[in-house]
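K.L.:
what shape does this take:
(2 chains)
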Amino acid sequence: MNVFQFILQNRSEVLELTLEHLWLVGVSTLLAMLVGIPLGIAIAHRPRLNKPVLASANIIQTIPSLALFGFLLPVPWLGERADRLAILALILYALLPMIRNTYMGIRGVDPAVVEAGRGMGLTDRQLLFQVELPLALSVILSGVRVAVVISVGLATIAAAIGAGGLGEFIFRGLAMVDNRVILAGAIPAAVLALLADLSVGWLERRLRPR
Amino acid sequence: MPPTAPEGPVIEFHDVSYRVASTDVLCGLNLRVQRGETLVLLGRSGSGKTTTLKLVNRLLSPTAGEVRVNGVPNRDADVIRLRRSIGYVIQDVGLFPHFTVERNIGLVPTIGGWPEERIRARVQELLQMVGLGPQMSTRYPHQLSGGQRQRVGVARALAADPAVLLMDEPFGALDPITRDELQREFLSLQQRLHKTVVFVTHDLREALLLGSRIALMEAGRLVTVLAPPDFLRSTDPWASAYVKAFADGLQSVADRGTS
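P.N.:
Below is the predicted model:
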């Protein structure tokens, strides 16, 4: 029995774990966008904040993922449910590309355009929503894209703390020393990462100004 | 527009200084701009011309002294309303690259809540005014030439019919022929519209051509304010240095032609 026969035979479990995986990645990405993009905007407008914020996000990025899951385990409300914990860890990892790209995207807007807008009497809000964000959008989305692809990979490790997802197969396969089982998790995860990359890339091109 | 005596100065600088990190960018400036005149701020780079301009629409705030627009001290004014009542044109134009020409020109009326029909009509009127065809309205800035972009920039500044126009070397980045063309059109436009214009340039020729008066600046100070004919006759050392450099330039071209 080869890998594909194995996947086919266990398709309901593969599907279930894939959906779990998608849920972990989707929820964490959305929440990371809600935190990371506003933070990126804030540090683009307040240069004094950019070093500490980017440095913190960078440091989080350097913590090995398995260790981070471990660190978060004793946290009261979080530790109760493995998926909560996994989502928080995935959010933390997704923050850096989101914050950094939002910051770079907004700082990259032609200063003459911003000055003209300000001189014409746009409020800070109007300047942000009508000029800065639309012009920074493709850079911001490429940050989201990187974050999603990283998350799909990282989420496989969430199975180590019992959060489910395609990592289940990978860890099970490791324990059973059965490559087919490992691949039954790894192949769908790779496909997910590719699809996520393609779809955010497509969105990025669709929304690009001009 | 707030009701003000039409004969009063539109823009006044009272002992205005502007310091950045203990450097005087502008020092004790006193200047009045009269209604309907084109006041040219002439000076070298770093002389404080652009700073002076940005103090008018409060992109900068003076560290000392007071700027008044229509008799109202700038620091008491609602900055957004102030800026919307003043047209602003810069050398780099700063058109919004993701907006069509129509949206660029119509932005201030749009955020001012004009009805759509009126905005569209106004955009067409402005395009014609700055010498662009109606088909331009659907173009994007990157599809325009430098001269066309600057025309759109002028149209955008005029959109809400402001009484005051601030222009920061608007024609500085254009080739000489296009610049000539736009200078001439600016003159004829100004003869019809009678805006109060503050125009920044380092080009004496442009200053002489466009200015009702020329305010010469050097190292953050106002040297003198003169009408163009008086400027040419001035004995002020800075003014005559400008005139001399200009005349020398012409002379050396002539010499080259004969030798």
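
K.L.:
how about the residues of chain B near chain A?
P.N.:
Where chain B comes near chain A, counting by C-beta under 8 Å from any C-beta of the partner chain, the residues are B:57, B:59, B:80-86, B:88, B:90, B:92-98, B:107-108, B:111, B:140, B:142, B:153, B:156-157, B:166. All C-beta atoms are positioned from the backbone trio N, CA, C, and that covers glycine.

K.L.:
those in strands, which ones?
P.N.:
Among the residues of chain B next to chain A, DSSP state E puts B:86, B:88, B:90, B:166 in strands.

K.L.:
what bridges to the third one?
P.N.:
So the one you mean is residue B:90. Residue B:90 forms beta bridges with residue B:168, as assigned by DSSP bridges.

K.L.:
residues contacting it?
P.N.:
When the contact criterion is C-beta atoms under 8 Å, 6 or more residues apart in numbering or on different chains, the partners of residue B:90 are A:112, A:115, A:116, A:119, B:153, B:168, B:169, B:170.

K.L.:
okay, it: pLDDT?
P.N.:
Here, the pLDDT recorded for residue B:90 equals 92.

K.L.:
what about stretch A:105-125, average pLDDT?
P.N.:
Per-residue scores along stretch A:105-125 average to 94.

K.L.:
got it, and stretch B:63-80?
P.N.:
On average, stretch B:63-80 scores 94.

K.L.:
so what touches it?
P.N.:
A:121, A:123, B:1-2, B:4-5, B:8, B:10-19, B:28-29, B:55-56, B:58, B:61, B:82, B:85-86, B:164.

K.L.:
now, the residues you listed that are in strands?
P.N.:
B:11-19, B:28-29, B:86, B:164.

K.L.:
now do the helices in chain A.
P.N.:
Assigned by DSSP state H, the helices in chain A fall at A:3-9, A:11-45, A:47-62, A:65-72, A:76-80, A:82-107, A:111-119, A:124-126, A:133-154, A:167-176, A:179-207.

K.L.:
my error: substitute the stretch 101-250 of chain B in the last question.
P.N.:
Applying DSSP state H, counting those that start in this stretch to the stretch 101-250 of chain B gives helices spanning B:101-111, B:116-129, B:146-158, B:176-193, B:204-210, B:228-233, B:237-258.

K.L.:
okay, those in JSON lines with mean neighbour count next?
P.N.:
Shown next, in JSON lines, are those (neighbours: other C-beta atoms under 10 Å in any protein chain shown):
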{"stretch": "helix B:101-111", "mean neighbour count": "22"}
{"stretch": "helix B:116-129", "mean neighbour count": "16"}
{"stretch": "helix B:146-158", "mean neighbour count": "23"}
{"stretch": "helix B:176-193", "mean neighbour count": "14"}
{"stretch": "helix B:204-210", "mean neighbour count": "20"}
{"stretch": "helix B:228-233", "mean neighbour count": "15"}
{"stretch": "helix B:237-258", "mean neighbour count": "12"}
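
K.L.:
let me have those helices in JSON lines, adding distance to residue A:156 and mean pLDDT as columns.
P.N.:
Formatted as JSON lines, the helices of the stretch 101-250 of chain B follow (distance: least, C-beta to C-beta, whole Å; pLDDT from 0 to 100):
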{"stretch": "helix B:101-111", "distance to residue A:156": "46", "mean pLDDT": "94"}
{"stretch": "helix B:116-129", "distance to residue A:156": "52", "mean pLDDT": "94"}
{"stretch": "helix B:146-158", "distance to residue A:156": "51", "mean pLDDT": "94"}
{"stretch": "helix B:176-193", "distance to residue A:156": "60", "mean pLDDT": "92"}
{"stretch": "helix B:204-210", "distance to residue A:156": "66", "mean pLDDT": "94"}
{"stretch": "helix B:228-233", "distance to residue A:156": "76", "mean pLDDT": "92"}
{"stretch": "helix B:237-258", "distance to residue A:156": "72", "mean pLDDT": "86"}
